[in-house]
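Participant: Following is a predicted model, sequence given first.
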Amino acid sequence: MRLPAIIKETFSNLFRKPATVKVPIEEKLPPAPGYRGVPRVDYSKCTGCGLCARYCPSFAIELITKDKRRYPVFHIYRCIFCHQCVEVCPVKAIKPTEEYELSTDRPSDLIIKP
Ligand code: SF4
Ligand code: SF4
């Protein structure tokens, strides 16, 4: 690029809006259609069959026993958002979401448990 063009480009950028947006504090961007976010489980429907844990490719689901029942605990920090668990759950207890904001300073926020 020649010098006059550089100067012109520089000055034109002084009066343009920024190309970036301040996510997520000032603006939220909608996820793309079909985006796979955090899986959410409805524990009232869960039968404790364990299929979700068996098929999770990243070992993000742990089965625990509580009050003589088995429940899946989701370690979302390991999740790769493949939604395999959503597909295999025989009672449709796991719902796909488009949640993608996972930043936190509390590790417990990234664990879904009953
Ligand atoms: S979305 Fe995929 S990686 Fe995440 S918990 Fe479900 S099966 Fe595991
Ligand atoms: S596959 Fe569904 S019913 Fe079975 S343990 Fe997982 S959430 Fe519960």
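Facilitator: Now that the structure is in, tell me what you want to look at. Treat the numbers as computed from the prediction; the structure is a model and nothing was measured. Ligands and ions are numbered 1, 2, ... in the order given.

Participant: make it CA atoms for all contacts and neighbour counts henceforth
Facilitator: Noted.

Participant: residues in the protein within reach of ligand 1, list them.
Facilitator: Contact residues (CA under 6 Å from any ligand atom) of the chain with ligand 1: 39, 56-58, 60-61, 79-85.

Participant: Report the residue spans of the chain with pLDDT below the cut-off.
Facilitator: Low-confidence regions of the chain, defined by pLDDT under 70, span residues 1.

Participant: Helices of that one, residue ranges please.
Facilitator: Using DSSP state H, the helices of the chain run over 3-14, 51-55, 84-88.

Participant: Which stretch among those approaches ligand 2 most closely?
Facilitator: The closest of the helices of the chain to ligand 2 is helix 51-55. By CA to the nearest ligand atom, the value is 4.1 Å.

Participant: Residues contacting the closest one, please?
Facilitator: 59-63, 72, 84-86, 88-89 (CA atoms under 8 Å, 6 or more residues apart in numbering).

Participant: And for stretch 77-87?
Facilitator: Contacts of stretch 77-87 with the rest of the structure, by CA under 8 Å, 6+ apart, involve 36-39, 51-53, 55-56, 58-60, 92-96, 110-111.

Participant: hmm, back to that, filter the residues of the chain next to ligand 1 down to the buried ones.
Facilitator: Buried by 16 or more other CA atoms under 10 Å: 39, 56, 60-61, 79-83, 85, out of these.

Participant: list the buried ones in stretch 99-114?
Facilitator: 110-112.

Participant: measure residue 73 to ligand 2 for me?
Facilitator: According to CA to the nearest ligand atom, to the nearest Å, residue 73 stands 9 Å off from ligand 2.

Participant: Which strand residues bridge that residue?
Facilitator: With DSSP bridges as the criterion, residue 73 is bridged to residue 62.
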